[in-house]
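A.B. asks: got a predicted model here, sequence first, then my questions.
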Amino acid sequence: MGLILGSSVLIAADRQGQNARQMLAAISAKVGNTEIAISVVTLIELAHGAARADTPQRKAKRLQFIQELLTALPVHPVTVPVALRTGHIDGENQAKGVRLPLSDLLIGVTALELGYSVATGNLRHFQLVPVCRSCPCSRGNSEEPHDAVIGTATQIGSTCMSRSGSSDSKVHGSEQTH
């Protein structure tokens, strides 16, 4: 079991003035002995944000954040199975008139292929990835980006569905059944 961090979680931490080490310590305290990683797609999104920084100081801070992440976390690539599954899901979604940013789909499918959950503040996109287990790290509260639903569950709104079809979730460390 592991956790892929989406860019929204990382950006929220950066905007709150946390460095990568502080953010990872906070997340580790919540998830315990769970591998934390990022997708190479998240790395692309962070590099894009650094390149678009409006001041040299902000750019330097963002680049430092990226370097700290690279030192601390594994970065999972887009593999052939991830690419094929992503293409399949994207094709099915678009045939139904559903459009999902390719970056979010790649991150979600990377998590699926690894059997991981996704930590995100963007449930709207990730709940469109079939059987994507997500962890909404903001739950609408930008002050607490790491108070999250964590688990081996498929997140649909506020209900977590396990692969067996039962629903359970852990919110802020206490169990809730929906």
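C.D. replies: Good, I have the coordinates.

A.B. asks: which parts of the protein are helices?
C.D. replies: Remark: helices assigned in the chain by DSSP state H are 7-15, 20-31, 40-51, 56-72, 80-95, 102-114, 123-126.

A.B. asks: next up, phi/psi of residue 79, please.
C.D. replies: Dihedral pair for residue 79: phi -90, psi 170, per degrees, to the nearest 10.

A.B. asks: what about stretch 45-60, start to end distance?
C.D. replies: Taking CA to CA, to the nearest Å as the measure, stretch 45-60 stretches 16 Å from start to finish.

A.B. asks: what comes up buried for it?
C.D. replies: The neighbour-count check on stretch 45-60 (16 or more other CB atoms under 10 Å) flags 45, 46, 49, 50 as buried. The way it works is simple: take the backbone N, C-alpha and C, and place the C-beta from them, glycine included.

A.B. asks: hey, which of the helices of the chain is tucked in deepest?
C.D. replies: Of those, the one with the most neighbours on average (mean count of other CB atoms under 10 Å) is helix 102-114, at a mean of 23.

A.B. asks: so it versus helix 40-51, what angle?
C.D. replies: Here helix 102-114 runs at an angle of 150 degrees relative to helix 40-51 (axes from the mean of the first three to the mean of the last three CA atoms, to 10 degrees).

A.B. asks: and helix 102-114, what's its mean pLDDT?
C.D. replies: If you average the pLDDT over helix 102-114, you get 90.

A.B. asks: sorry, back to before: dump the helices of the chain into TSV; add distance to residue 1 as well.
C.D. replies: As requested, these are exported to TSV (distance: least, CB to CB, whole Å):
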stretch	distance to residue 1
helix 7-15	18
helix 20-31	9
helix 40-51	19
helix 56-72	19
helix 80-95	18
helix 102-114	9
helix 123-126	17
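
A.B. asks: out of those helices, which gets the lowest mean score?
C.D. replies: Looking at these, the bottom one is helix 123-126 with a mean of 62.

A.B. asks: residue contacts, residue 74?
C.D. replies: Taking CB atoms under 8 Å, 6 or more residues apart in numbering as the contact definition, residue 74 lies against 35, 37, 38.

A.B. asks: isn't the second one right next to residue 24, touching?
C.D. replies: Going back to what we said before, that points to residue 37. No: at 11.0 Å, residue 37 and residue 24 do not qualify as touching, with contact defined as CB atoms under 8 Å.

A.B. asks: and for those two, which residues touch both?
C.D. replies: Residues within reach of residue 37 and of residue 24 at once, by CB under 8 Å, 6+ apart, are residue 73.
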